[in-house]
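1. Return a 3D structure for these sequence lines:
(2 chains)
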Amino acid sequence: MSRSNSNPGPEEETEEQQVWRVLSEAGLVEIRLEEFAERIRDVKHIVTARLRELLDFNNRVQERESAAYSLGTLTGLELKLLANAPNPPDPSKK
Amino acid sequence: MKSQAQQLRTDATWPPEEGQTISFQSSTGLETTILQEVRWGLVWRDFVLADGRVVPEHRISGCPQPQVWRKISEVTDQEREECEERLFSMAGAGLDPRKRDQRFWAELNQYLAYTYLRFKQVSARGQDTRTDPE
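-> Residues are numbered from 1 along each chain as shown, chains lettered A, B, ... in the order given. The predicted structure is shown next:
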């Protein structure tokens, strides 16, 4: 997807443009229909990385719990989506 | 039906009001329809159309640039939890998010974007946060 405004370098970006760029690069502005499972895995990796960082701290209990809860939510959604996913075409029926 | 000139918006008159005719980019091209509701998601505004489809603001004709986003810190825990409950409810009901411009697609899209920004941003300044272990 393209934007009508020009693409300034990262040092010239406004906060809005930076959010757009970060989300676009992550493929999260408008997720392609066939990429939901992959995007969920990508976001889980980000949350897992943060959770690992938080394990170094004893005073970040709330943030750690919040990250763990988000990870659980993403995993739950991933499992439900996989369970509901349409079956791939049977190659033996070609 | 409103003229093209009427559909051009400025920041002062954006977003359009409920009941107005709007144009937006769909998977098949430019469509015109009636706006039912504008509501904030966790990151951006969604436009709910009269036929129930949910379209992100940046695909609506006349959307001011750059687009307005919510700050992650503005989203309350309660709001996030309510979104998570809705997502689980829709997934549990067997809805498929792989249906473009439907509510599940729109909500899951925003939840993933929000969660990514929330933890990616914190992680990016992780070096600073490592200064205060107990």
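2. which parts of stretch A:58-69 are buried?
-> A:60, A:63-64, A:66-67 (16 or more other CB atoms under 10 Å in any protein chain shown). Yep, even glycine has a C-beta here, placed from its N, CA and C like the rest.
3. Could you confirm residue A:57 falls within a helix?
-> No. Under the criterion used here (DSSP: H, G, I helix; E, B strand; the rest coil), residue A:57 is coil, not part of a helix.
4. how about the helices in chain A?
-> Listed from the start of the chain, chain A has helices (DSSP state H) covering A:15-25, A:36-54, A:61-84.
5. quick check, stretch B:91-109 touching chain A?
-> Yes. Judged by CB under 8 Å from any CB of the partner chain, stretch B:91-109 comes into contact with chain A at B:91-92, B:94-100, B:105, B:108-109.
6. tell me the two of those that are most distant?
-> Farthest pair in these (CB to CB) is B:92 and B:100. Separation: 21.2 Å.
7. Tell me which of those two has more neighbours.
-> A direct count of neighbours by other CB atoms under 10 Å in any protein chain shown for residue B:92 and residue B:100 places residue B:100 higher, at 17 against 12.
8. Give me the pLDDT value at that one.
-> Looking at residue B:100, its pLDDT stands at 89.
9. Ok, residue B:47 next?
-> Value for residue B:47, per-residue pLDDT: 98.
10. Was I right to think it contacts residue B:35?
-> Yes. Between residue B:47 and residue B:35 there is a contact at 6.0 Å, judged by CB atoms under 8 Å.
11. Any residue of stretch B:13-31 touching chain A?
-> No. Applying CB under 8 Å from any CB, one finds stretch B:13-31 separated from chain A by no less than 8.8 Å.
12. Columns mean pLDDT and distance to residue B:73 on top of the helices of chain A, output as CSV?
-> Converted to CSV, those look like this (pLDDT from 0 to 100; distance: least, CB to CB, whole Å):
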stretch, mean pLDDT, distance to residue B:73
helix A:15-25, 89, 12
helix A:36-54, 94, 16
helix A:61-84, 91, 13
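13. highest average neighbour count across these?
-> Per residue and on average, the most neighbours among these fall to helix A:36-54, with a mean of 18 (mean count of other CB atoms under 10 Å in any protein chain shown).
14. what helices or strands is that helix leaning on?
-> Using 3 or more CB pairs under 8 Å, 6 or more residues apart in numbering or on different chains; DSSP states H and E as the contact test, the elements touching helix A:36-54 are helix A:61-84, helix B:103-124, helix B:126-129.
15. Check which residues of the second one are buried.
-> By neighbour count with 16+ other CB under 10 Å, helix B:103-124 contains the buried residues B:103-120, B:122-123.
16. re the thing from before, which of the residues of stretch B:91-109 next to chain A fall in helices?
-> Using DSSP H, the residues of stretch B:91-109 next to chain A in helices are B:91-92, B:105, B:108-109.
17. nearest to chain A, of the residues you listed?
-> Proximity of those to chain A (CB to the nearest CB) peaks at residue B:91, which lies at 3.8 Å.
18. Which residues does the lengthiest strand in chain B contact?
-> Criterion DSSP state E: the longest strand present in chain B is strand B:29-40. Contacts to strand B:29-40, defined as CB atoms under 8 Å, 6 or more residues apart in numbering or on different chains, come from residues B:1, B:15-25, B:45-51, B:57, B:61, B:70.
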